[in-house]
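Peer 1: Sequence and predicted structure, then a few things I'm wondering about:
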Amino acid sequence: MHFTELGIETRLEKQLAHQGITTPTEIQSQAVPTAIAGHDVFAQSKTGSGKTLAFLLPAVHRVMKQKALSKRDPRVLIIAPTRELATQVFTQCRLLIAGTSISVVKVLGGENFNDQVKALRKDPQIVIGTPGRIGDHLAQRSLQLAGLELLVFDEADRMLDLGFAEQLNKINDEANHRLRQTLLFSATLDHAQVEVTSRNLLRTPKKIILSDAHQQHGDIQQTLFFADHLDHKDALLTHFVTQKDVGQCIIFTATRTDTVRISQQLSELGIKATALAGDLAQNKRLDIMDAFSRGLFKVLVTTDVASRGLDLLSVTHVINFDLPKQAEEYVHRIGRTGRAGFKGTAISLVGPKDWNSFVAIKNYLNDKLEFATVEGLEAKFKGFRPAKPKVAKPIEKKPAAKKPLKKVTKSKAKVKKAIPAPFNIDGNTPLRRKPKPTEE
């Protein structure tokens with residue numbers, strides 16, 4: 001199948017061809033025609049399958065081909081959970097609309113609010129942003145959605161996990177009219193809150209579910225290695241990063257401290273590495289990601305801040321220095337490689353502190369994850385055995401001891417002592433008198 005068969009605007013086909021994209025992915029071939037036909041879409045597809053183009057193509061097509069409902073309000077609003085992912089969508093959108101009069105504005109937290117207000121006053125047709133900052137602009141009335149035609153939620157499960165349910169409902173209420181179309185995309189939709197929220201956001205949607213989120217990614221070779229302690233992990237990491245088949249590599253750690261420590265450690269070995277963490281200023285984070293995407297660094301060491309939003313075909317390896325606490329996040333981490341049909345390698349180091357996370361990931365994927373060893377770096381740690389369930393011993397009931405029967409004795413009635421005589425008729429005892437002396 002070619003993009004010409006999807007019914008998109010000819011100018012979009014030319015832009016894709018200019019980027020070397022000629023064949024749609026499975027999610028694109030199903031979602032694009034459905035969205036162009038005007039249906040709400042509820043779609044799930046594995047990470048790296050081309051979801052971004054699956055909603056950008058019908059969005060830009062609508063702006064090109066249909067008359068606007070409002071001259072001032074944006075026609076398309078795309079919401080992404082993180083600044084990095086929103087930036088990735090923004091970059092891809094600009095490539096599609098290059099050479100046209102369509103304008104797009106990026107609205108992210110951490111950037112100057114007043115500059116965003118000025119940009120929104122220029123009435124852009126497409127707005128891309130994060131839910132928190134979009135909510136702020138709605139509250140300040142610098143953004144209005146009465147004339148919104150297309151609302152897109154990318155990675156809805158992640159937005160709900162980050163606590164943006166209130167903002168999503170607010171956005172939905174501000175653009176709640178019968179002509180609005182809604183598209184909801186994610187790598188995982190088996191999320192109870194997503195199911196509930198989608199009922200409020202979507203109207204009789206067409207469901208497109210192409211892969212089970214619990215299944216392993218076919219284009220990614222996953223291998224795990226036991227590690228005894230931190231120094232053992234460092235030695236294994238150095239071994240893997242210095243292999244000849246490693247192109248660009250993303251290393252995920254649990255702490256910000258380790259991102260800096262590992263990047264410095266690799267730099268001392270002559271490997272160009274940079275660190276990315278959530279506590280950095282937004283412009284600094286964007287500069288680091290831009291430098292990595294342009295190939296200025298071979299290794300990016302990061303926390304989960306980059307587990308979504310990086311779409312780089314040159315990333316050949318993902319290394320989990322620490323396993324994530326959430327099993328779903330493991331899928332998104334390893335999805336930074338093996339994208340768009342390319343093969344990738346995911347390596348995970350499992351130490352004693354990672355064991356519970358490994359068990360959760362194994363259960364989530366419903367599959368057996370293979371462990372391997374590196375000669376000379378074998379680990380003594382081999383995991384923990386599951387604790388045997390305690391079986392309660394039946395309590396033996398002892399026969400109740402028979403109590404001796406008490407002898408029934410007749411109670412003796414207390415007899416009141418009679419008032420000694422003499423006494424008068426009133427029952428009062430007379431005063432005792434001394435006897436009179438006898439007369440002789």
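Peer 2: Done, it's in. All values reported here derive from a predicted model rather than from experimental measurement. Residues are numbered from 1 along each chain as shown.
Peer 1: Sketch out the low-pLDDT regions of the stretch 251-400 of the chain for me.
Peer 2: Within the stretch 251-400 of the chain, the stretches with pLDDT under 70 are 306-313, 340-341, 387-400.
Peer 1: Helix, strand, or coil at the residue nearest the centre of the chain?
Peer 2: A centroid search over the chain (C-alpha atoms, centre = their mean) returns residue 158, at 4.1 Å, as the residue closest to the centre. Assigned by DSSP: H, G, I helix; E, B strand; the rest coil, the conformation of residue 158 is helix.
Peer 1: Give me the buried positions along stretch 144-159.
Peer 2: Neighbour counts over stretch 144-159 (16 or more other C-beta atoms under 10 Å) mark 144-145, 147-159 as buried. C-beta: built from backbone N, CA, C; applies to glycine.
Peer 1: Quick check: end-to-end length of stretch 299-314?
Peer 2: Its first and final residues considered, stretch 299-314 spans 11 Å by C-alpha to C-alpha, to the nearest Å.
Peer 1: what does stretch 96-111 rub up against?
Peer 2: Residues from elsewhere that reach stretch 96-111 (C-beta atoms under 8 Å, 6 or more residues apart in numbering): 11-12, 15-16, 56-57, 60, 63-64, 74, 83, 86-87, 90, 93-94, 116, 119-120, 122-130, 132-134, 136-137, 143, 281-283.
Peer 1: pLDDT of that stretch, averaged?
Peer 2: Averaged across stretch 96-111, the pLDDT comes to 92.
Peer 1: Quick one: distance of that stretch to the chain centre.
Peer 2: Computed by C-alpha atoms, centre = their mean, to the nearest Å, the chain-centroid distance of stretch 96-111 equals 26 Å.
Peer 1: What of stretch 9-21?
Peer 2: Mean-position distance between stretch 9-21 and its chain equals 33 Å (C-alpha atoms, centre = their mean).
Peer 1: Same check on stretch 296-309?
Peer 2: On C-alpha atoms, centre = their mean, the centre of stretch 296-309 falls 17 Å from that of its chain.
Peer 1: try stretch 370-380
Peer 2: In terms of C-alpha atoms, centre = their mean, the centre of stretch 370-380 is found 31 Å from the chain centre.
Peer 1: What residues of that stretch count as buried?
Peer 2: Applying 16+ other C-beta under 10 Å to stretch 370-380 flags residue 379 as buried.
Peer 1: For residue 324, which non-adjacent residue is spatially closest?
Peer 2: Leaving aside its sequence neighbours, residue 324 sits nearest to residue 330 (C-beta to C-beta, 6 or more residues apart in numbering; 5.4 Å).
Peer 1: confidence score at the residue nearest to residue 174 when sequence neighbours are not counted?
Peer 2: Leaving out its chain neighbours, the residue that sits closest to residue 174 by C-beta to C-beta, 6+ apart is residue 145, at 4.3 Å. Residue 145 is assigned 93 on the pLDDT scale.
Peer 1: Please name the residues that touch residue 322.
Peer 2: 252, 253, 254, 255, 258, 349, 353, 354.
Peer 1: can we see that at 10 Å?
Peer 2: 233, 251-255, 258, 303, 348-351, 353-354, 357 (C-beta atoms under 10 Å, 6 or more residues apart in numbering).
Peer 1: That one in helix, strand or coil?
Peer 2: Assigned with three-state DSSP, residue 322 falls in the coil class.
Peer 1: mind checking the end-to-end distance for stretch 124-134?
Peer 2: 14 Å.
Peer 1: what comes up buried for it?
Peer 2: By neighbour count with 16+ other C-beta under 10 Å, stretch 124-134 contains the buried residues 124, 125, 126, 127, 128, 129, 130, 131, 132, 133, 134.
Peer 1: can you redo these as CSV with distance to residue 342 and secondary structure?
Peer 2: Output for those, formatted as CSV (distance: C-beta to C-beta, whole Å; DSSP: H, G, I helix; E, B strand; the rest coil):
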residue, distance to residue 342, secondary structure
124, 34, coil
125, 33, coil
126, 29, strand
127, 32, strand
128, 26, strand
129, 30, strand
130, 29, coil
131, 31, helix
132, 33, helix
133, 33, helix
134, 33, helix
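Peer 1: Out of the residues you listed, give me the two with the largest separation.
Peer 2: Within the buried residues of stretch 124-134, 125 and 132 form the most distant pair, 22.7 Å apart (C-beta to C-beta).
Peer 1: one step back: name the nearest of the contacts of residue 322 relative to residue 339.
Peer 2: Distances from residue 339 to these, taken by C-beta to C-beta, are shortest for residue 252, at 16.3 Å.
Peer 1: Pretty sure that closest one sits against residue 304.
Peer 2: Yes: between residue 252 and residue 304 there is a contact under C-beta atoms under 10 Å: 6.9 Å.
Peer 1: Could I get the full set of strands for the stretch 251-400 of the chain?
Peer 2: 273-276, 299-302, 315-320, 344-350, 371-372 (DSSP state E, counting those that start in this stretch).
Peer 1: Name the residues that touch the last one?
Peer 2: Okay, so that is strand 371-372. Strand 371-372 is contacted from outside by 223, 224, 225, 226, 347, 348, 350, 358, 379, 382, 383, using C-beta under 10 Å, 6+ apart.
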